[in-house]
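Colleague: model the following, please.
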Amino acid sequence: MLRSLIDYTRCFAHAAGSAAGRRLLAAHRRPLPEAQAGRPADPIRALQGAADWFCLAQDNSGDEGLGSYHLVTGWGRTYPETTGYIIPTLFALAERLQRPELADRAMRAANGLLKLQRPDGGWQGGRVGEDRPSVVFNTAQVVRGMLSVHQRTKDDRYLRAARKAGDWIVSAQEADGTWGRSNFMGVARVYDSYVDAPLLQLYGITGEFSFKHAALRNLEWVVERQQPNGWFADADNTVRHNDRPIIHTIAYTIDGLADCGTLLNDVGLLDSAHRAAGPLRDIFLRDGRLNGRYDRSWQGSEALINTGCAQLCIAWEKLAQHTEAHAYRTAAVRMRMLLVELQQRSSEGPVQGHGALTGSFPLWGRYEKFAYPNWATKYLADALLWAGGKAPY
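Modeller: Below you'll find the predicted structure:
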């Protein structure tokens with residue numbers, strides 16, 4: 001408690017120490033407008049801002065990947081996991097915005113990640129320089145980037161890297177189908193459905209059945225953790241708050257199930273995704289916002305988590321292709337309006353945050369407080385690219 005108080009005091013003092021920081025604090029004190037039906041947000045300006053911020057993040061990472069920005073500590077080193085899944089977003093932005101340099105940046109990021117791959121086939125947890133062991137979840141997100149580059153270039157180096165990573169993920173799987181010991185915290189979590197989707201993509205490209213088999217085993221375990229009302233047990237990225245997971249990891253779970261259901265043509269998996277996504281959609285349509293955490297009765301707590309909101313917007317678009325299209329698309333349109341408003345508030349603060357999303361709203365919320373995590377802006381961009389209901393990649 002005391003350590004947290006000292007940390008918050010330091011962050012507030014630092015932000016209040018500059019005119020730009022004070023403007024940002026003021027912007028986050030203003031209440032959000034209700035996310036109501038109206039004119040959909042024009043995504044182009046917002047996408048340009050996100051793309052410009054990605055360039056800034058890459059230029060300040062110290063290598064070819066992307067880091068994040070914290071108002072107190074500044075730019076961080078490359079985060080291999082998030083750099084991996086930002087790569088397909090950069091390719092999509094290059095096409096949508098007619099900015100070929102963004103595709104060049106995606107290639108630079110991919111080549112940097114090739115150099116970081118571990119001998120076991122995995123990629124480290126955390127950020128470059130922290131020297132953490134290979135982590136299954138993080139590795140699978142780099143696989144997404146490798147497959148995106150291979151699809152674009154047909155260069156087998158990237159497919160070989162993805163396949164080597166997939167082989168390691170398969171070898172690390174435990175008897176119950178989970179990856180607890182080889183993941184963050186050393187515990188099994190349902191958001192590894194977001195690992196299963198790239199494994200199924202690998203299977204589709206290589207025909208190697210071990211990738212599909214591993215995904216199916218894990219998906220079976222994930223579905224078993226779902227409660228009758230759609231809520232998932234073991235969905236948080238902490239042990240302490242696992243009884244009320246954050247919407248960031250809930251959304252990972254939903255998105256992974258939706259993608260796997262589509263790839264496998266499995267109605268059961270799509271229904272599992274829908275049963276978790278529907279309650280959050282309905283809360284958002286009723287209240288115009290979401291909390292950051294939800295317990296097993298779908299009772300919310302803590303501040304809104306911007307990353308999770310953007311991820312849910314994407315999942316709602318995906319599920320609209322299968323069921324309850326009007327409700328899901330209405331929620332997605334309103335969420336995009338809210339996300340653009342949040343992005344615009346960043347422009348009132350330091351230039352290093354222009355075009356990006358803070359981790360929470362307000363920015364002193366517990367999730368990634370006083371920071372602009374690069375994955376928040378990745379999912380903002382993807383949510384905007386999904387406008388119109390067409391998958392961007």
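Colleague: show me where the protein has helices.
Modeller: Using DSSP state H, the helices of the chain run over residues 2-16, 19-29, 43-59, 80-97, 100-116, 136-153, 156-172, 193-206, 209-224, 247-264, 267-287, 306-320, 325-346, 374-385.
Colleague: could you check the pLDDT of residue 36?
Modeller: For residue 36, the model assigns a pLDDT of 58.
Colleague: how about residue 383?
Modeller: Note for residue 383: predicted pLDDT of 98.
Colleague: isn't residue 281 right next to residue 326, touching?
Modeller: No - between residue 281 and residue 326 there is no contact under CB atoms under 8 Å: 11.2 Å. In short, each C-beta sits where N, CA and C put it, glycine included.
Colleague: who's more crowded, the two?
Modeller: Set residue 281 next to residue 326 and count neighbours by other CB atoms under 10 Å: residue 281 wins out with 25 against 8.
Colleague: residues touching the more buried one, list them.
Modeller: By CB atoms under 8 Å, 6 or more residues apart in numbering, the contact list for residue 281 reads 312, 316, 327, 328, 331.
Colleague: how close does it sit to residue 251?
Modeller: In this view, residue 281 and residue 251 are 12 Å apart by CB to CB, to the nearest Å.
Colleague: find residues that contact each of these two.
Modeller: Taking CB under 8 Å, 6+ apart as the contact definition, residue 281 and residue 251 share the neighbouring residues residue 312.
Colleague: might one say that residue 78 is in contact with residue 124?
Modeller: No - counting by CB under 8 Å, residue 78 stays clear of residue 124, with 10.3 Å between them.
Colleague: give me the common contacts of these two.
Modeller: Common neighbours of residue 78 and residue 124, counting by CB under 8 Å, 6+ apart, are residue 116.
Colleague: who's more crowded, these two?
Modeller: Each of residue 78 and residue 124 has its neighbours counted (other CB under 10 Å); residue 78 has more, 25 against 22.
Colleague: helix or strand with the lowest mean pLDDT in the chain?
Modeller: Comparing helices and strands within the chain by mean pLDDT, DSSP states H and E singles out helix 2-16 as the least confident, with a mean of 89.
Colleague: tell me the helices and strands packed up against it.
Modeller: Contacts defined by 3 or more CB pairs under 8 Å, 6 or more residues apart in numbering; DSSP states H and E place helix 2-16 against helix 19-29.
Colleague: can you pull the contacts of the residue lying closest to residue 78 once chain neighbours are set aside?
Modeller: Closest residue to residue 78 apart from its sequence neighbours, by CB to CB, 6 or more residues apart in numbering: residue 65 at 3.0 Å. For residue 65, the contacting residues are 58, 77, 78, 79, 80, 83, 109, 112, 113, 116, 128, by CB under 8 Å, 6+ apart.
Colleague: at 6 Å instead, please
Modeller: Going by CB atoms under 6 Å, 6 or more residues apart in numbering, residue 65 touches 78, 83, 109, 112.
Colleague: confidence score at it?
Modeller: Per-residue pLDDT puts residue 65 at 98.
Colleague: could you do the one 10 residues further on as well?
Modeller: Among the per-residue scores, residue 75 holds a pLDDT of 97.
Colleague: can you get me a residue count around the closest residue to residue 385 other than its chain neighbours?
Modeller: With sequence-adjacent residues excluded and distances taken as CB to CB, 6+ apart, residue 385 is closest to residue 392, at 3.6 Å. When neighbours are counted by other CB under 10 Å, residue 392 registers 19.
Colleague: can you tell me how far residue 392 sits from residue 208?
Modeller: Residue 392 sits 27 Å away from residue 208, going by CB to CB.
Colleague: repeat for residue 217
Modeller: Distance from residue 217 to residue 208, counting by CB to CB: 15 Å.
Colleague: return the distance of residue 241 relative to residue 356.
Modeller: In this view, residue 241 and residue 356 are 26 Å apart by CB to CB.
Colleague: cool, and residue 302?
Modeller: According to CB to CB, residue 302 and residue 356 sit 21 Å apart.
Colleague: which one's more surrounded, the two?
Modeller: Using other CB under 10 Å, the more surrounded residue of residue 302 and residue 356 is residue 356, with 28 against 17.
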